[in-house]
Structure formats: C-alpha cells, structure tokens
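Engineer: A predicted structure for the sequence below; I have some questions about it.
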Amino acid sequence: MDAQQKEKWQKAQGLSMSADLNLITAAKQQLLFLASVDRYRCLYDGPALQRAIYRYEQCWLPLLAEHTVWGNAKFQLVVPLDCEWIWHCHRLNPVQYGKDCKKIYGRILDASFVESSIKGTDRKQTQEIWKYSYPEEPYELDLSHSVSGNSARMILKSILKIEYDLTEAVRRQSSFFHQVSRPCMFDDRFLKGAEERYKGFLYLIKKNRDNSVNCFSVPTYDIDLMWHSHQLQPVAYRRDMLNLLGKVLAHDDTESDRSKGKKLDLGFTETKRQWEDTYGRRYWRAGAMYRGDAPSSAPVAPLALESSDGEDSDCAHGPLLQSGEDSNCVRETLFQSNKDRYQTPVKIVEVLLEVVGIRNIPNDQKGNLSVRFYRDNCPRMEAKKVEITSESQSKPIASFRCTATGNFIFELRSRSSRNVEKTSKVLGQVSIPMHTLLDSTTLSVENWFPLSRNGQPAGSNRISMHIAVSTTPTTAAYMLWSVRSHSSERKFQKMELIRRIKRATTVTRFFDHDDKEVFTVKTRLTGKPYTGSLLRSEEVTVRSSPEKRRIVTVYERNPNKSRSSGEAVATAEELITVGGTAQWALMNYFCNLLIRNIDNFIKEEPIFELRGNLGSPLRLLSGKKLQYEVECANPEIEHEFVTLIRYTPEVPFGQATALFNWKSGTVEVTAQESVLLVAFLSEVISASLRRHHKRLKYTSSLEAEAKKVFPTGSDASHGTRVNGSDQQIKGGGNGRRGGYGNSRSVGRAGGSGFSGTKASRAELALVLMGIDDERYVGGGCEGGCGA
C-alpha cells in the first residue's frame, strides 16, 4: 500500500455512520436470529411461509404503525419469529421497503422500538395488545408442527397492499445463513475487519458515482453481513446513504448465476480490481468467500421408539433386547458421561495465501520463477508451489488448513529455460511467524518482505516478495486413526502383539493426533448360538448358522500401564447375520444396530438402524453427507464412509457430528459428539462389512470372468447339478453343468463343464450359485470332463 492508497483507505474509514448504530453487535444478533429461523425451515416455503406473510402484512405492520404513530413508544414491542423473518427479508430491499411503507402508512416504519424474538425480552405487553387487536390470530405459531395456511380465511381477509414479492425475497435469502454460519463470524477481530471493509466498499461506490462509472459492485460475505445489519435499521440506513451518496443505495440480491461471464462474475471481477487498485489490498479474505451451495438436507429425525404392542413404551430407556434375564431401565444416557473425556481441542487456522509480486531480481537470475511454501515443524503439511509469471493476469490463491503454531516459510526459486535437468535454484526465503497473523487486529498480513540469502552483500537491493496471507482461527475436529493386528504397528513390540492376538481374533488400536493410544478394540469369535429374541418384529429371524458370532469389546487405554488393555467401556455382540442383514446388541442389550444390504452394499448403500438411549435422535448414513458431502465423488470410495447425524432442538434438521471410514479405520468427530460412541460404531460396522467386502469383490471378478468363459445363451448356462467325487451339489441360478472330477485331486468344486478349463475356473459355477462353504468340497481335475 503506497501513500496514495493509504490516504484513500483512511478516507474510507472516516465515513460517518449513525452514532447509535453498532454494526458489530447488530451482526452478531443477526447471525443468532438467522440460526433460529433455520431451525424452522418450514418458513422457507410452503403453507407456513404463506401464513407468516399474511400475519406480517395484516397483523405485525399495522400493530407496529399504531404503536409508533408519534415516532415514539411507551415500551419495546417484541416481534414474533415468523413475522420477524418476513420483516427481515422485506427490509433487505431498502428502496422497495421505503416505497411500501410510505404508500400504506405514510412513513417508514423503523426498528428502533422493536426487540428481536430471540432476545428473551418480556413479551407480556406485546401479547396483550396483539390479543386485543387480533383475538382470532395467535401471537406465536407452533412452528415445530405443521402450520395450516388457513387459505380461505386469508384470501377473504387479506387485501394485498405490499407490491414487493415477499415469497421470492424469502427464497433468495434462505441460503444466506449457510454462507455466514462459520465460527469466525463471531470473532470480534474478524467483525472489526468486516466493518472496515464495508466502509471501503461504500467508498468505492461513492467514487464510482462521483466519476460516473457504472459498476455492479459485488461484496464478499463479511461485507454483505455488515451491509445487511445496516439495512435492518431502515431509518438510519436511509439517513446515512443520503449523506454519503445523495440517494438510498439499493441492495440487489436477484442475481445468483455465478457462471463465467455472467453479471455476478463480471461485477465481482471489476469490484476486486477496483479494490486492489484503490487500496493496494487483496479483496478476498479467509472465511468470507462463497462456500458453495448448501448441502443436501438430511432425512428427518427417526421416530420415537414404540413398544411391540404399538403403544409408547413406559420404559423409554429400557432394554431393547432381552438377554435371558430381566433388566431395569437405564436412567443414564449412554456414551454421554464420557462425551468429552477423550477430546483435546486442536486450534487450527484456515488460510488463504497469494504471492502478489516480486521485485529486485537480478537479470542473470531471471527465469521461470516459482514460490515454494510450507510450515516448519509440520511434517503433515506438504510443501506447495505456485508459479509466478508476468504474463498471468490472475494469480493463483492457495487455500489450506494447518495448526496455529510455527512459521510459514516461503522460498523463491528460479529455473532457467535452458536448464535440461529442470532443477531450480533457491534465490532466497522469508519466514512469517503464525503469531504475527493471529495477533493482527484483522487476522491478516499483506506487505513486501525482503528475502534472506546466504552471501548477499549488506545494503544491496534485496529481492522482495509481496505476500498476502489471511487467516481465520477455528477448532479442528477430533481425529482418530487405527491400526489392526495384521497391520504394521508403531510403538509396540512384536511380543506384545502376539500376546494380544492369542486372546482375540482381531486387535485394533485407535490413536489420536498426538499418536497417543486412546482405545484398544478386541474382536473375538464365539461358537455359542444366540437363543434370545430379536428386536420386536424385525425382518430377520433367528436360525441355526454354521458361522461363529463375533463379540467386540472396547477398552479405554490406561497410560500408566503399558501392557494393560485398560477398562472395558463398551461391548457389542453379533446376534445373527443372515441374508443381507446383520443384527448387533450393544451395551448389554440396551442398544440395537441393524445393518441391511450387507450382501450387496457395493451396488446398494447399506442401511443402518440404531436404536437405544443415546440422547438426542441420530442416524447413520452411508457416504459423506451434509458438510462432508463431496460433488462427483467416486462411488467405490464413497461407500467406505459413514456419516453420523444428530438431531437436537438447536438443529432439528440434523447436523453431521462424525464421519468414519470403516475400511481404513479413520474417524473424525466434532465437539458435539461422543468419541467413544463413534469409534465403537466404526469398529462394529467394520466387523460386518469388511468380511462381505472381500467376498463381494471376489464374486464381481468371477462374474466378469464367467462372461468370458460362458457366453450368454451357451449350454453351460442352464446346468442343474455339479457332481463331485463323493457327493452331489444341486445348482441353481447361474449354475453350470459340470463334469466328473478326479477323486485324487481335491478342489473346492467339481470339474468345469467347459472342456479344457482349469479347476480355478471351475470354481465359478459354485461361487456364482452363492455356495461359499467348505463343506461343499468335490474332486476336480485340470482338464475336466465336459458334459
């Protein structure tokens, strides 16, 4: 920023605003209000929205006008939530709001004498005058249940006077909360910077107006939050805009097409250019940029558990499965007492970074320039590189996350076009401490930094880089990674591994981000058949099964006893796996987990049903959902993930609180979820799906091979039995007519019906029939005898 640019920035900060207007406080209140509205998404569309518009126009505005007829009020009115939402959207078009108010009431209705519905202010006086004025209309609507539009009465009584299309206004504003619902938006330093940038935005508009420059100015979301907060005080906003511009600045939110070359894209590009030319600062900012469309909605919360006779269970916390003896009701919510025991908050920063320019490069060192940057003492952050070319009009902006410690190291490298080996030469480097960014009043740094280089003479024109870095601090999700007994271990000796394997079929260890072991999970087999009853009238039925059942036990690691597994904190018992369904009893039969489609989950998503006293309702969904959702994800990788969604009064439409990969054993948990519960579910689901995963992949490969060996319509596709040396096996489905094998050569199937085919291909007939049991062993010879 040169002297002229600095002067313009100071002029922008000197713009006068209404003395009684605190934009930072107003922005925080707006965010809380938008979060309250988002809990009742029926206000975004449908009958509830139409009812709210009717109440706003026919009840709230007349009440407000009457209460403030002399420009004053005896007490603060408290606006109902549904009316406040419509009023909010109406005021965000200040020009049209002013026209509608003047047309109907002769003046602009201000918000100075109104309290928001979320403040908890005593609303008794408002309720009394509402009831007196509108005895047939309730003061507040129960938005947690379906709201009738009462369309017949509304049509008869409502005389539309407001010209503005409030339904469309609500539709456009309903996505704004997703863009600003970030932790940084409540940080005073971030909001202070947003207020300064808003004034810089208004100064640019004033400058364009004075110079007769036509530009569709597009704000970033931190600026837009401040702009909204200003407009929500319509009288103050009108006064400030008339003083600054001589007119009320319109807020056009009708443009939503972000495609290249469209009005929104061209406007943002031009606003960015003007901003950087005028102030010498980057227009982008971490935490303030477009974050994509809102994720798809989660399924509705699961219904309350019902008893087997169709009535609500008297024992809401009682056992879901009977283990052979009576059990009392569980009064304590499972996994909640130790919810935060394992979580250690990790402070991280979201970073946007741009290398803006380079100066003082000697002629003999000019070439293809690039900047390599990385964090010191951070092996998990890979070094990144950006190319610096004078021909490029737009410079790449790096975006990443890292822990909030250490230093950023920038290396300037040069590679001559004549360099055959394409090795680069380091011209110098610069270090920017992380605390410099976090201690900044705006959480950003932009400056020219001289490069340090060994052997550079003192006092010479040193090479400098213009670097812009913007950060937003946040708390990282809690991460776990696991190591199974057949994997390479860390920090444990081989004898310890052997000792544990003797006592368990599988041993899995979960480690946190500090490589500290948190849980040890043991999975063992039991041949004892389950004889109890399943969860009420489920689709699966108990029958004798040749396969052993698995029991999973989670132990909390004791750091003081290196050779001890610790205390058992969670248990799961596999009851039955038959057809495409597995059923597990968790926590001594007080929880139940059903997993469906496990026999074909590669093609069809597995369905999880978890029931029990686990606090607020939750769902397990296959794949990455909500904030974890990835566009155009690879289906083969997507089915390895499971998302846990919680439904709470604060977030009734569901919030993803955990994501885990049942195949790799990685777990990510937010602060709102139990780490133990997620690690436990990850291992139980993994126990069911991993075994079927190998079988499904093997079957798929055999099916592909079968198409080559037995073309569709061939005689081999109609076989009825496969004969082995000692027994007969009836075929079906895709079975082939096999031949007679050699009893001295033992294989898993009889000889193939395809003459000259080896025994490995002869397995096709048996496996594709769905027979995968070592009891069915017949003779097989390499040649086979075609039938």
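Structural biologist: Looks like it came in fine. Because the structure is a prediction, the values reported are computed rather than measured.
Engineer: outside of stretch 113-125, which residues touch it?
Structural biologist: The set of residues that contact stretch 113-125 without belonging to it, under C-beta atoms under 8 Å, 6 or more residues apart in numbering, is 29, 32-33, 36, 64, 67-68, 72-73, 75-81, 84, 139. C-beta: built from backbone N, CA, C; applies to glycine.
Engineer: try it again with 7 Å
Structural biologist: The contact list for stretch 113-125 (C-beta atoms under 7 Å, 6 or more residues apart in numbering) reads 29, 32-33, 36, 68, 73, 75-81, 84.
Engineer: Also stretch 18-32?
Structural biologist: Defining contact as C-beta under 7 Å, 6+ apart, one finds that stretch 18-32 is touched by 116, 118, 180, 185-186, 188, 191-192, 195, 225-226, 228-230, 232-233, 236, 239-240.
Engineer: hmm, try it at 10 Å
Structural biologist: By C-beta atoms under 10 Å, 6 or more residues apart in numbering, the residues outside stretch 18-32 that reach it are 17, 88, 112, 116, 118-119, 176-177, 180-182, 185-186, 188, 190-192, 194-195, 198-199, 222, 225-230, 232-233, 235-237, 239-240, 243.
Engineer: The contacts of stretch 113-125 in strands, which ones?
Structural biologist: When strands are assigned by DSSP state E, the members of the contacts of stretch 113-125 inside them are L77, V78.
Engineer: Of the contacts of stretch 113-125, just the buried ones, PyMOL syntax please.
Structural biologist: Only the buried members of the contacts of stretch 113-125 end up in this PyMOL selection, burial being decided by 16 or more other C-beta atoms under 10 Å:
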select buried, resi 29+33+36+68+76+77+78+79+80+81+84
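Engineer: need the contacts of stretch 113-125 in JSON lines with distance to A468, can you?
Structural biologist: Shown next, in JSON lines, are those (distance: C-beta to C-beta, whole Å):
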{"residue": "Q29", "distance to A468": "31"}
{"residue": "L32", "distance to A468": "32"}
{"residue": "F33", "distance to A468": "33"}
{"residue": "S36", "distance to A468": "36"}
{"residue": "T68", "distance to A468": "47"}
{"residue": "A73", "distance to A468": "48"}
{"residue": "F75", "distance to A468": "50"}
{"residue": "Q76", "distance to A468": "45"}
{"residue": "L77", "distance to A468": "46"}
{"residue": "V78", "distance to A468": "45"}
{"residue": "V79", "distance to A468": "42"}
{"residue": "P80", "distance to A468": "46"}
{"residue": "L81", "distance to A468": "41"}
{"residue": "E84", "distance to A468": "39"}
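Engineer: Now that we have the contacts of stretch 113-125, can you turn them into CSV and tack on pLDDT?
Structural biologist: Conversion of the contacts of stretch 113-125 to CSV gives the following (pLDDT from 0 to 100):
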residue, pLDDT
Q29, 95
L32, 95
F33, 96
S36, 93
T68, 85
A73, 73
F75, 84
Q76, 87
L77, 92
V78, 94
V79, 95
P80, 95
L81, 95
E84, 96
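Engineer: Are any of the contacts of stretch 18-32 buried, and if so which?
Structural biologist: Buried members of these, scored by 16+ other C-beta under 10 Å, are 17, 88, 116, 118, 176-177, 180, 182, 185, 190-191, 194-195, 198-199, 222, 225-230, 232-233, 235-237, 240.
Engineer: ok, so of the contacts of stretch 113-125, who is nearest N588?
Structural biologist: Out of the contacts of stretch 113-125, the one with the shortest distance to N588 is S36. That distance is 39.6 Å, counting by C-beta to C-beta.
Engineer: The closest one - nearest residue in space that isn't next to it in sequence?
Structural biologist: Counting by C-beta to C-beta, 6 or more residues apart in numbering, S36 lies nearest to I118, which is 5.1 Å off, once chain neighbours are set aside.
Engineer: Looking at the contacts of stretch 113-125, which is nearest K624?
Structural biologist: When the contacts of stretch 113-125 are compared for distance to K624, the smallest value, 27.7 Å, is given by S36; criterion: C-beta to C-beta.
Engineer: dump the residue contacts of R39.
Structural biologist: Contact criterion C-beta under 10 Å, 6+ apart gives L81, L143, S144, T648, P649, E650, V651, P652, F653 as the residues in contact with R39.
Engineer: what's the closest of these to R550?
Structural biologist: Comparing those against R550 with C-beta to C-beta picks out T648 as the nearest, at 32.5 Å.
Engineer: and that closest one, what element?
Structural biologist: Element membership of T648, judged by DSSP states H and E, is empty: it is in no helix or strand.
Engineer: wait, it sits on G654?
Structural biologist: Yes - T648 lies in contact with G654 (C-beta atoms under 10 Å); the separation is 8.9 Å.
Engineer: overlap in contacts of the two?
Structural biologist: A301, P617, L618.
Engineer: For S144, see how far away the first one is.
Structural biologist: Put plainly, it is A301. Separation of A301 from S144 (C-beta to C-beta, to the nearest Å) stands at 11 Å.
Engineer: Find the residues that touch each one of the two.
Structural biologist: Common neighbours of A301 and S144 (C-beta under 10 Å, 6+ apart) are P652.
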